[in-house]
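Enquirer: Have a look at this prediction, sequence included:
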Amino acid sequence: MAVRIVTDSTCDLPEEFRRRHGVVVVPLRLHFGEQTYRDRVDISDQEFVRRLERGRQPPTTSQPPPGDFEAVYRELLGGGAEGVVSIHLAAVLSGTVSSASIAADQVGSGRVLVVDSRTVSMATGFLVQEAVHRAERGESAAQIATALATMPPRLGIIALLDTLRFLLLGGRIGKVRAMLGTALSIKPLIGLGADGSVVPLGRVRSHSAGVARLGELLAEHAPLERCGVIHVGAPDEGDALREATQRTYPGMEVLMSQASPVLSTHTGPGTLAYCYLEAAPDRR
């Protein structure tokens with residue numbers, strides 16, 4: 001493959017896909033006091049959720065340093081890649097795009113193109129999937145990046161949280177702050193705005209009502225091209241939601257993954273979410 005694809009550890013595509021297509025993942029960081037872990041390298045998703053459930057204070061998170069990206073880019077280009085497309089979570093949520101861009105400038109020659117997905121989790125992953133398929137068809141890095149730039153308005157994430165506590169502690173509360181007055185008695189539903197910032201989508205009184213509302217909100221974006229289910233420490237619920245969604249949208253593959261530890265830090269245990277890509281206008 002002449003063009004290689006790079007992403008970060010919040011991408012949340014199933015590992016089997018990433019390995020099969022040679023997608024390189026650069027991990028973000030988790031900081032528990034003086035201990036630092038590389039996301040999904042030094043700590044597994046399952047181990048992290050157990051620690052998050054036990055701890056009083058979630059960890060802080062940070063982007064990879066530019067040197068991590070630079071090392072990856074130089075290795076790929078030195079190994080024969082003609083170009084690199086590097087796709088990352090929304091710049092408004094993390095400094096990851098900035099770190100990747102600094103590294104791309106250090107490498108020079110315009111052979112590394114950094115893409116701000118303006119979203120997170122498997123929604124970013126859908127851009128990665130598209131980039132992989134285009135690279136395998138022989139498109140150039142510039143052609144791939146141009147195609148990806150048209151997709152963010154069709155991408156979205158709808159999440160049901162058990163509590164707003166983790167968003168608040170992580171400083172990602174944004175426009176959802178208005179819900180705080182009733183935070184103890186509600187289950188919040190959130191999404192991302194056009195730039196990737198967190199926005200409220202509603203609130204319900206029970207988890208079961210929230211799951212039903214997730215499906216209603218997803219239906220507002222049909223027809224869909226791609227869809228995935230994300231969970232934080234709730235694999236049985238995630239699988240049940242995936243199976244129900246598969247019945248509602250027969251013929252469309254519905255992926256499922258646990259959210260990365262970095263993302264789980266900000267949403268908390270029990271989170272269920274849909275990531276989706278709306279069908280292009282010419283396919284409706």
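Expert: In hand now; what should we look at? Residues are numbered from 1 along each chain as shown.
Enquirer: what ranges do the strands span in the stretch 51-200 of the chain?
Expert: 60-62, 83-88, 112-116, 155-160, 187-192, 198-204 (DSSP state E, counting those that start in this stretch).
Enquirer: Now those in CSV, please, with extra columns for mean pLDDT and mean neighbour count.
Expert: From N, CA and C alone the C-beta is placed, and that goes for glycine too. Listed next are these as CSV, based on pLDDT from 0 to 100; neighbours: other Cβ atoms under 10 Å:
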stretch, mean pLDDT, mean neighbour count
strand 60-62, 93, 18
strand 83-88, 98, 27
strand 112-116, 98, 24
strand 155-160, 96, 24
strand 187-192, 90, 22
strand 198-204, 88, 18
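Enquirer: Select, out of those strands, the one closest to residue 250.
Expert: Nearest of those to residue 250, taken as Cβ to Cβ: strand 155-160 at 20.5 Å.
Enquirer: Beta-bridge partners for residue 114, please?
Expert: residue 86 (DSSP bridges).
Enquirer: roughly how far apart are it and residue 62?
Expert: As judged by Cβ to Cβ, to the nearest Å, residue 114 and residue 62 stand 18 Å apart.
Enquirer: among the strands of the stretch 51-200 of the chain, which is nearest residue 211?
Expert: strand 155-160 (6.7 Å).
Enquirer: picking that back up, minimum distance to residue 236: which of the strands of the stretch 51-200 of the chain has it?
Expert: strand 155-160 (15.2 Å).
Enquirer: Also compute the angle for the closest one relative to strand 187-192, please.
Expert: 170 degrees (axes from the mean of the first three to the mean of the last three Cα atoms, to 10 degrees).
Enquirer: Strand 155-160 pairs with which strands?
Expert: By DSSP bridges, strand 155-160 pairs with strand 187-192 (antiparallel), strand 272-278 (antiparallel).
Enquirer: Residues in contact with the first one: which ones?
Expert: In this case it means strand 187-192. 90, 118-120, 123, 156-164, 167, 176, 179, 198-207, 209-210, 213-214, 217 (Cβ atoms under 8 Å, 6 or more residues apart in numbering).
Enquirer: cool, and stretch 133-146?
Expert: With Cβ under 8 Å, 6+ apart, stretch 133-146 has contacts from 1-5, 21, 82-85, 111-113, 115, 131, 147.
Enquirer: same thing but 10 Å
Expert: Stretch 133-146 has contacts (Cβ atoms under 10 Å, 6 or more residues apart in numbering) with 1-5, 21-23, 81-87, 110-115, 127, 130-132, 147-148.
Enquirer: how about the strands paired with strand 155-160 in TSV, adding distance to residue 46?
Expert: Shown next, in TSV, are those (distance: least, Cβ to Cβ, whole Å):
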stretch	distance to residue 46
strand 187-192	24
strand 272-278	17
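Enquirer: Those: which one's closest to residue 221?
Expert: Using Cβ to Cβ, the strands paired with strand 155-160 put strand 272-278 closest to residue 221, at 5.2 Å.
Enquirer: need the strands of the stretch 51-200 of the chain in a markdown table with distance to residue 39, can you?
Expert: Output for those, formatted as a markdown table (distance: least, Cβ to Cβ, whole Å):
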| stretch | distance to residue 39 |
| --- | --- |
| strand 60-62 | 8 |
| strand 83-88 | 13 |
| strand 112-116 | 19 |
| strand 155-160 | 18 |
| strand 187-192 | 20 |
| strand 198-204 | 19 |
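Enquirer: Out of those strands, the one nearest residue 244 is which?
Expert: Going by Cβ to Cβ, the one of these nearest residue 244 is strand 155-160, 13.9 Å.
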